[in-house]
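K.L.:
Coordinates only, no sequence provided:
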């Protein structure tokens, strides 16, 4: 279904959408209500923002000591706290090499930081930080807690790694 914000923007109603669907005019429907716009509307409406979600999410996904300052920093989405990044994907860019993507739960990512990667020895030095604007990666000076970041230089990271300024669980 097409959510209300999309229908308001396009001036289409459910009846018209159903008529186009039944008449097998899916290309016209797609042109008038691009799926990407519809999905983005749904994400904006239903996906909780980090400030609301992290107090509930962190106790369920983090196995560390809940008395530690970093536990509170992650729940408060504290951009001044210890850096904690949960890597959800590793991609390859022909120019930049391996790019780790994930949510910054606390702290602020910056180029040049030396961070621990869970389950590996030593530290990795961040070569660049960025954000995705659609399919394009935009390099930025820093990415604060609550955002999805893309990072180069985390040679030891795999999907599921926790990257942090302190060694942690």
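P.N.:
Yes, it's here. As the structure is a computational prediction, the values presented were derived from the model and not from experiment. Numbering: from 1, shown residues only.

K.L.:
Domain parsing of the chain, as residue ranges.
P.N.:
With domains defined by the TED database, the chain comprises 4-46, 77-164.

K.L.:
Could you dump those domains into a markdown table with distance to residue 54, mean pLDDT and mean neighbour count added?
P.N.:
Where you see a C-beta, it was placed from the backbone N, CA and C, and this is true even at glycine. Formatted as a markdown table, the domains of the chain follow (distance: least, C-beta to C-beta, whole Å; pLDDT from 0 to 100; neighbours: other C-beta atoms under 10 Å):
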| stretch | distance to residue 54 | mean pLDDT | mean neighbour count |
| --- | --- | --- | --- |
| domain 4-46 | 17 | 81 | 13 |
| domain 77-164 | 5 | 94 | 17 |
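
K.L.:
Mind putting those domains into a markdown table with distance to residue 64?
P.N.:
Formatted as a markdown table, the domains of the chain follow (distance: least, C-beta to C-beta, whole Å):
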| stretch | distance to residue 64 |
| --- | --- |
| domain 4-46 | 29 |
| domain 77-164 | 9 |
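
K.L.:
which one is the most centrally placed residue in the chain nearest to, not counting chain neighbours?
P.N.:
Central residue of the chain (C-alpha atoms, centre = their mean): residue 148, 3.1 Å from the mean position. Closest residue to residue 148 apart from its sequence neighbours, by C-beta to C-beta, 6 or more residues apart in numbering: residue 103 at 5.6 Å.
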